[in-house]
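structure here, sequence nowhere to be found:
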């Protein structure tokens with residue numbers, strides 16, 4: 001700018017590398033206040049679940065273009081502008097608005113963000129299948145991306161991690177499949193994670209995360225010591241399976257194998273979801289059903 005002091009060759013200045021010009025062999029640097037702050041200047045500094053503050057640079061029917069720093073921008077699709085499903089972003093935001101966002105995923109050519117308050121404020125982010133395996137019983141906030149009568153509700157989390165709420169689980173709660181439009185934020189507890197068999201060509205399939213609807217953001221139960229005693233638990237869902245009959249291979253009648261319980265945390269701590277097998281439900285063992 002015209003007000004900036006003139007720099008002489010050899011002068012020492014504070015700056016930050018914000019890019020590179022490989023053909024010229026140059027490193028591109030900036031000495032602006034924005035560049036010298038802790039704001040990210042490259043996609044390499046971002047990870048799914050990271051909270052950021054940006055400025056709306058443009059609005060359109062498809063979503064928002066958000067300026068994260070002088071060299072980095074991200075996009076918020078119309079599904080992630082408001083708490084419920086898709087909406088016209090121009091009715092909610094205008095150019096120049098400061099917005100709190102969270103990184104959904106980082107791709108080669110773009111950065112996807114969310115403005116959904118429930119996702120931005122969620123205490124923990126489910127951003128990998130390994131995290132899901134380590135936190136069975138814990139609750140996380142995601143958003144609905146699909147619904148199918150045969151396969152249930154598809155819920156997507158950070159890093160494009162996906163799980164399913166089975167139709168039987170929805171029926172057990174008395175919830176209709178069409179109660180969750182695409183884009184609706186929901187809290188789900190992880191019931192289990194399965195690793196499917198590899199494909200015929202040897203490539204590995206994505207793990208399958210089994211979910212159930214939950215209304216409490218719980219902490220992981222994997223750190224509990226064996227023998228820990230809890231005085232209060234609330235049954236929330238009956239887990240049933242259907243065995244196959246010997247004749248014709250058709251599925252037989254449903255039978256209960258376990259009960260999902262919401263266990264209250266100690267000293268005001270958040271609770272968690274626990275699986276109570278039928279065999280341990282009472283002194284009658286396998287006859288407890």
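Arrived safely, thanks for sending. No experiment lies behind these values; they were computed from the predicted model shown.

so where do the helices sit in the stretch 151-289 of the chain?
With DSSP state H, counting those that start in this stretch, the ranges of helices along the stretch 151-289 of the chain come out as 167-173.

where in it is pLDDT low?
For the stretch 151-289 of the chain, the stretches with pLDDT under 70 are 215-228, 230-231, 234, 236-258, 260, 262, 264-273, 275, 278-279, 281-289.

for the chain, which residue occupies the most central location?
With the centre of the chain defined as its mean C-alpha position, the nearest residue by Cα atoms, centre = their mean is residue 157, 2.3 Å away.

distance check, that one against residue 126.
With the distance defined as Cβ to Cβ, to the nearest Å, residue 157 ends up 4 Å from residue 126. (Glycine included, C-beta is placed from N, CA and C.)

give the residues shared as contacts by the two.
140, 142 (Cβ atoms under 8 Å, 6 or more residues apart in numbering).

what comes up buried for stretch 69-78?
By neighbour count on 16 or more other Cβ atoms under 10 Å, the buried set for stretch 69-78 is 69, 71-78.

swap in stretch 182-190?
Judged by neighbour count (16+ other Cβ under 10 Å), stretch 182-190 contains these buried residues: 183-190.

what does stretch 30-37 give?
Across stretch 30-37, burial judged by 16+ other Cβ under 10 Å covers 30, 35.

again with stretch 50-59
In terms of neighbour count (16+ other Cβ under 10 Å), stretch 50-59 has its buried residues at 50, 52, 54, 56, 59.

next, format these as TSV and append distance to residue 229, secondary structure and pLDDT.
Formatted as TSV, the buried residues of stretch 50-59 follow (distance: Cβ to Cβ, whole Å; DSSP: H, G, I helix; E, B strand; the rest coil; pLDDT from 0 to 100):
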residue	distance to residue 229	secondary structure	pLDDT
50	38	coil	94
52	42	strand	94
54	47	strand	93
56	52	strand	95
59	55	strand	93
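
which one among those gets closest to residue 235?
Distance to residue 235, by Cβ to Cβ, is smallest for residue 50 among those, at 37.0 Å.

how about the nearest residue to that closest one once chain neighbours are set aside, secondary structure?
Nearest residue to residue 50, sequence neighbours excluded (Cβ to Cβ, 6 or more residues apart in numbering): residue 103, at 4.5 Å. Of the three states, residue 103 takes strand under DSSP: H, G, I helix; E, B strand; the rest coil.

my read: residue 103 touches residue 110, true?
No. If you go by Cβ atoms under 8 Å, residue 103 and residue 110 don't touch, sitting 11.4 Å apart.

ok, the two, which is more surrounded?
A direct count of neighbours by other Cβ atoms under 10 Å for residue 103 and residue 110 places residue 103 higher, at 24 against 12.

can you name the residues that contact that one?
Contacts for residue 103 (Cβ under 8 Å, 6+ apart) come out as 46-50, 52, 74, 111-113, 158.

and it, how far is that from residue 160?
12 Å.

picking up where we left off before, can you check which residues contact both of residue 103 and residue 110?
Common neighbours of residue 103 and residue 110 are listed as residue 74 (criterion: Cβ under 8 Å, 6+ apart).

report how many residues lie close to the closest residue to residue 259 other than its chain neighbours.
Nearest residue to residue 259 in three dimensions, chain neighbours excluded: residue 276, at 4.7 Å (Cβ to Cβ, 6+ apart). Residue 276 is flanked by 16 other residues according to other Cβ under 10 Å.
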